[in-house]
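Colleague: Show me the folded form of this:
(one chain, ligands or ions: 2)
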Amino acid sequence: MGLFLVVQALWLFLPAYVANMAPVFAMKVFPRWNSPLDGGLVLADGRRLLGEGKTVRGLVSGILFGAGFAAGQSAVRYTSFDLSDFGHGETGGVWGPLTIGAAMGFGAILGDAAKSYFKRRTGRRGGAPWVPFDQLDFVLGGLLFGWFAAWLLKASGAATTNWWMDEFGGSRWPALALLVLLTPGLHFLVNWIGYRLHLKKVPW
Ligand code: CTP
Ligand code: MG
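Modeller: Residues are numbered from 1 along each chain as shown. Ligands and ions are numbered 1, 2, ... in the order given. Prediction:
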């Protein structure tokens with residue numbers, strides 16, 4: 001149960017992890033497509049609403065990678081090792097995973113952008129580290145929007161059960177706790193690798 005829950009929690013949250021990394025890849029592939037999410041807006045404190053680091057490109061890449069990854073994961077069928085299918089079984093199609101993955105990706109990027117808002121308000125420059133918020137912003141957003149998508153699928157009748165509640169609700173709350181506890185460490189590891197591969201300018 002213990003190790004299985006860790007693997008399952010990480011697997012279930014993979015769309016949000018991938019979405020959180022997507023903007024860095026997108027920046028490398030489309031460096032010139034960098035219109036900022038905040039439209040360049042400067043607030044009364046003289047600082048940007050979000051900053052140059054949050055772009056439309058990043059948001060779009062997060063949604064696409066989140067949706068694509070969840071759809072791909074739902075196609076992986078485990079017989080003796082149920083790692084969840086993102087509502088695939090309940091909806092009988094790929095729309096459940098696509099919706100949930102897109103929502104998790106959107107939520108991850110939105111959580112990251114919300115953190116940047118507070119980073120700017122507290123006077124931190126773009127790219128400056130802010131532990132542990134840099135590591136956890138997307139977890140909160142990904143979980144929140146993943147829940148909302150699963151609720152919507154159930155409420156609209158597209159799914160017979162609420163995927164999110166099945167996986168994270170009730171007695172499965174330790175999966176949530178594991179995500180919050182393990183993510184900062186994983187985040188540091190992945191960013192350090194990205195830095196060594198010259199994908200990221202800074203190792204955080
Ligand atoms: N990025 C993007 N769009 C987003 C998020 C990230 O284009 N919505 C790209 C930017 O090029 C950004 C890089 O990915 O510089 C790294 O992302 P992140 O560390 O989240 O942004 P920071 O530049 O550190 O900005 P902040 O201080 O606001 O977190
Ligand atoms: Mg940063």
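Colleague: Now do the host helix or strand of residue 8, average pLDDT.
Modeller: Using DSSP states H and E, residue 8 sits in helix 2-29. Mean pLDDT, helix 2-29: 92.
Colleague: Contacts for stretch 178-190 next, please.
Modeller: Residues from elsewhere that reach stretch 178-190, judged by CB atoms under 8 Å, 6 or more residues apart in numbering: 5-6, 9-10, 13, 17, 21, 131-132, 134-136, 139, 143, 204. The C-beta positions use only the backbone N, C-alpha and C, and glycine is treated the same way.
Colleague: circling back to that earlier point, give the next helix or strand downstream of the helix holding residue 8.
Modeller: helix 56-75.
Colleague: Leaving out sequence neighbours, find the closest residue to the residue of the chain found nearest ligand 1.
Modeller: Nearest to ligand 1 in the chain, going by CB to the nearest ligand atom, is residue 58, at a distance of 1.9 Å. Leaving aside its sequence neighbours, residue 58 sits nearest to residue 23 (CB to CB, 6 or more residues apart in numbering; 3.2 Å).
Colleague: and the one you found, how many neighbours?
Modeller: For residue 23, the neighbour count with other CB atoms under 10 Å is 22.
Colleague: Please look at it and residue 61 and confirm they touch.
Modeller: Yes. Between residue 23 and residue 61 there is a contact under CB atoms under 8 Å: 5.5 Å.
Colleague: after the least confident helix or strand in the chain by mean pLDDT, next one along is what?
Modeller: Here the helix or strand of the chain ranked lowest by mean pLDDT, DSSP states H and E is helix 88-91, holding a mean of 61. Scanning forward in sequence from helix 88-91 by DSSP H and E, the next helix or strand is helix 95-121.
Colleague: Which elements pack onto the following helix or strand past that following helix?
Modeller: Per DSSP H and E, the first helix or strand lying C-terminal to helix 95-121 is helix 133-155. In terms of contacts (3 or more CB pairs under 8 Å, 6 or more residues apart in numbering; DSSP states H and E), helix 133-155 is packed against helix 2-29, helix 95-121, helix 163-168, helix 173-196.
Colleague: For residue 152, which of those helices is the nearest?
Modeller: For the helices and strands packed on helix 133-155, distance to residue 152 was read as CB to CB. The smallest value, 7.6 Å, belongs to helix 95-121.
Colleague: does that closest one come close to ligand 1?
Modeller: Yes. Legend: contact between helix 95-121 and ligand 1 by CB under 6 Å from any ligand atom is shown at 109, 112-113, 116, 119.
Colleague: Over to stretch 196-204?
Modeller: No. Using CB under 6 Å from any ligand atom, stretch 196-204 stays clear of ligand 1, coming no nearer than 6.8 Å.
Colleague: Much appreciated, bye for now.
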